[in-house]
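In: Please find the sequence and the predicted model below.
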Amino acid sequence: MRRYVAAIDQGTTSSRCIVFDRGGRVVGVAQREHEQIFPRPGWVEHDPRTIWRNTELVIGEVLDSLDLTRDDIAAVGVTNQRETTVVWDRATGEPIHNAIVWQDTRTDRLVTELGGDIGPTRYQERTGLPLSTYFAGPKLRWILDTVEGARERAEAGELCFGTIDSWVLWNLTGEHLTDVTNASRTMLMDLRTLRWDPEICAEFGVPKSMLPEIRSSSEVYREIVSGPLAGVPVAGILGDQQAATFGQACLSPGEAKNTYGTGNFMLLNTGTTPVLSKHGLLTTVCYRLGEQPAVYALEGSIAVTGSLVQWFRDNLGIISAAEEIESLAREVDDNGGAYIVPAFSGLFAPRWRSDARGVIAGLTRFVNKAHLARAVLESTAFQTREVVDAMRADAESESLGLELTTLKVDGGMVGNDLLMQFQADILDVPVVRPVVNETTALGAAYAAGLAVGYWPSTEEIVANWAADRTWRPTMTERDRSDHLRAWNKAVERTYAWVD
């Protein structure tokens, strides 16, 4: 009897395999971190071979730890860091370059060149995205322009491109596929047709022969060909933030979630019609179940949140483990007037300033390491408030009828009570954490389970969701306004640092 569904969660810092039961509860998990490679300032890479090797290992480890076999697993779902770009040889499966990570900024001049006289909005009506170093299309173009012989091999049909979902699926099944959510992060797919746009591909200089086939987020793609899960179908693919939205059961227009991970990503379900943002948000595919119409979302993407805690730990050495930051921050009552704006890769939504770089503002001799720890955490909440304000403005201008009354949250940072309380305070709305916090992997598991009938309908997904804890705002309006005024002054100090 196939009692469980497994999800492969290939993230920015680690690869995991998580097994879920019918109630959406975690049965077991295995995880392995991989190296963050920084060849130059602003460049971020991963080794695709290591990612695949770790994926193989965590599959075996979680099955062994639970004493399970392939006969216990009904289906496998895949979720992934989205815009990270891999190019590999179609015959050998060998990557021709390290994966270029979504945070990487090496394409800053290229995106300006691609914008031409029109600028960052050149492709936004068709793709939902502004031209930015964030997305996969410019990264692919950089590889074709820079790696010796890459363009000639691509034009000869010898190379495959994919985001990490495609790389994992290729190694699991031998198929060269992606789903609509990941394809919508490349800048190469038309949001309405859900197909690669031939004109954009031509202008980006990308041969269509190297692009994966675009499929829905929930269908049987193919069975795994080898390893402990050989014969089990891969039946769900969702980019990590769309997966978290699905796992949080935000399945109706107007429902929103915020994931606190390496970066922060808030998605608002807008239904079956794409809504183009006028306030700095992205329009993206939220999910597509089989042959049903695609569901779209507005997204606010923040580049640096959890990774700021890593920087505080690894680069400054002020703490030795990420978990220590909360107790250190609790040693003081406030941030001492210090604000940290982590524009390490520029500013993402809603400001989209690639010329920005990080600052610590408001420093005095009074400020100590505890104040800085608090400023690190508060930075995440302030950036989230900016995205919420943009969503409210878009919802009002498009008459979406949204009034944010609570915010569903998930991800690694939501175990930090101090941060969650400050988030509720600065938003002035309750913040709700679900019982199952592994919503990214759970969303991929749901997509796969729906495709094979393990879960009969999305109603069961909604019924599985339950709240664990709620934080309610306690801050005065005056304190909130003072904080936001100081934060905005600090953010403006980051502008035009890079020429």
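Out: Noted; the coordinates are in hand. Numbers count the residues shown, from 1 in each chain.

In: any idea how far Gly227 lies from Asn171?
Out: Counting by C-beta to C-beta, to the nearest Å, the separation of Gly227 from Asn171 is 10 Å. Bear in mind the C-beta positions are built from the backbone N, C-alpha and C, glycine included.

In: neighbour-wise, which of these two wins?
Out: Asn171 (21 against 15; other C-beta atoms under 10 Å).

In: contacting residues for the closest residue to that one other than its chain neighbours?
Out: Among residues not flanking Asn171 along the chain, Trp52 sits closest, at 5.0 Å (C-beta to C-beta, 6 or more residues apart in numbering). By C-beta atoms under 8 Å, 6 or more residues apart in numbering, the contact set of Trp52 is Trp167, Val168, Asn171.

In: Can you classify the last one as helix, strand or coil?
Out: The one in question is Asn171. Assigned with DSSP: H, G, I helix; E, B strand; the rest coil, Asn171 falls in the helix class.

In: on that earlier part again, Met210: which of the contacts of Trp52 is nearest?
Out: Here the nearest of these to Met210, counting by C-beta to C-beta, is Trp167; it sits at 13.1 Å.

In: surely the closest one meets Pro48?
Out: Yes - counting by C-beta atoms under 8 Å, Trp167 touches Pro48, with 5.8 Å between them.

In: Do a quick rundown of the strands in the stretch 251-400 of the chain.
Out: 256-260, 264-271, 282-287, 295-302, 339-341, 359-361 (DSSP state E, counting those that start in this stretch).

In: Kindly reformat those as CSV and extend each row with mean neighbour count, mean pLDDT and distance to Arg126.
Out: Converted to CSV, these look like this (neighbours: other C-beta atoms under 10 Å; pLDDT from 0 to 100; distance: least, C-beta to C-beta, whole Å):
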stretch, mean neighbour count, mean pLDDT, distance to Arg126
strand 256-260, 27, 89, 25
strand 264-271, 25, 89, 17
strand 282-287, 26, 94, 10
strand 295-302, 27, 91, 14
strand 339-341, 24, 97, 32
strand 359-361, 18, 96, 35
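
In: Identify each buried residue in the helix ranked longest in the chain, please.
Out: Counting by DSSP state H, the longest helix found in the chain is helix 369-397. Neighbour-count burial for helix 369-397 flags 370-395 (criterion: 16 or more other C-beta atoms under 10 Å).

In: Just the angle for that helix relative to strand 264-271, thanks.
Out: Counting by axes from the mean of the first three to the mean of the last three C-alpha atoms, to 10 degrees, helix 369-397 lies at 20 degrees to strand 264-271.

In: Could you list every helix and strand in contact with the helix or strand just after helix 369-397?
Out: Proceeding C-terminally, helix 369-397 gives way to strand 407-410 as the next helix or strand, assigned by DSSP states H and E. If contacts are counted by 3 or more C-beta pairs under 8 Å, 6 or more residues apart in numbering; DSSP states H and E, strand 407-410 sits against strand 256-260, helix 417-427, strand 431-434.

In: Just the buried positions in the helix or strand following the shortest one, please.
Out: Per DSSP H and E, the first helix or strand lying C-terminal to strand 431-434 is helix 439-451. Neighbour-count burial for helix 439-451, with 16+ other C-beta under 10 Å as criterion, is recorded at 439-451.

In: With distance to Arg485 and pLDDT as added columns, please give those in TSV.
Out: Listed next are the buried residues of helix 439-451 as TSV, based on distance: C-beta to C-beta, whole Å; pLDDT from 0 to 100:
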residue	distance to Arg485	pLDDT
Thr439	34	90
Thr440	34	92
Ala441	39	95
Leu442	39	96
Gly443	37	96
Ala444	41	97
Ala445	43	97
Tyr446	42	97
Ala447	43	97
Ala448	47	97
Gly449	47	97
Leu450	46	97
Ala451	49	97
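
In: Ala243: which of those is nearest?
Out: Gly443 (3.4 Å).

In: ok, now which ones touch the closest one?
Out: Contacts of Gly443 by C-beta under 8 Å, 6+ apart are Gly77, Thr79, Leu238, Gln242, Ala243, Ala244, Thr245, Phe246, Gly247, Gln248.

In: Tell me the one among those residues nearest to Pro138.
Out: For those, the nearest to Pro138 is Gln242 (21.1 Å; C-beta to C-beta).

In: hang on, the closest one in a helix?
Out: Yes - Gln242: assigned to a helix according to three-state DSSP.

In: Need the per-residue pLDDT for it.
Out: On the pLDDT scale, Gln242 is placed at 95.

In: Over to Pro274?
Out: 89.

In: What of the one 5 residues further on?
Out: On pLDDT, His279 comes in at 88.

In: What of Leu402?
Out: On the pLDDT scale, Leu402 gets 63.

In: Please apply the same query to the one 4 residues further on.
Out: Thr406 is assigned a pLDDT of 81 by the prediction.

In: I'd like to know how far it sits from Pro430.
Out: Taking C-beta to C-beta, one finds Thr406 at 5 Å from Pro430.

In: likewise Val168?
Out: Separation of Val168 from Pro430 (C-beta to C-beta): 37 Å.

In: so what sits against both of Thr406 and Pro430?
Out: Thr470.

In: before we move on, the earlier item: in ChimeraX, select just the buried ones from the contacts of Gly443.
Out: Those of those that count as buried under 16+ other C-beta under 10 Å are selected in ChimeraX with:
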select :77,79,238,242,243,244,245,246,247,248
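
In: among the contacts of Gly443, which are in strands?
Out: Gly77, Thr79, Leu238 (DSSP state E).

In: Nearest to Thr181 among those residues?
Out: The closest of these, once distances to Thr181 are taken by C-beta to C-beta, is Leu238, at 5.3 Å.
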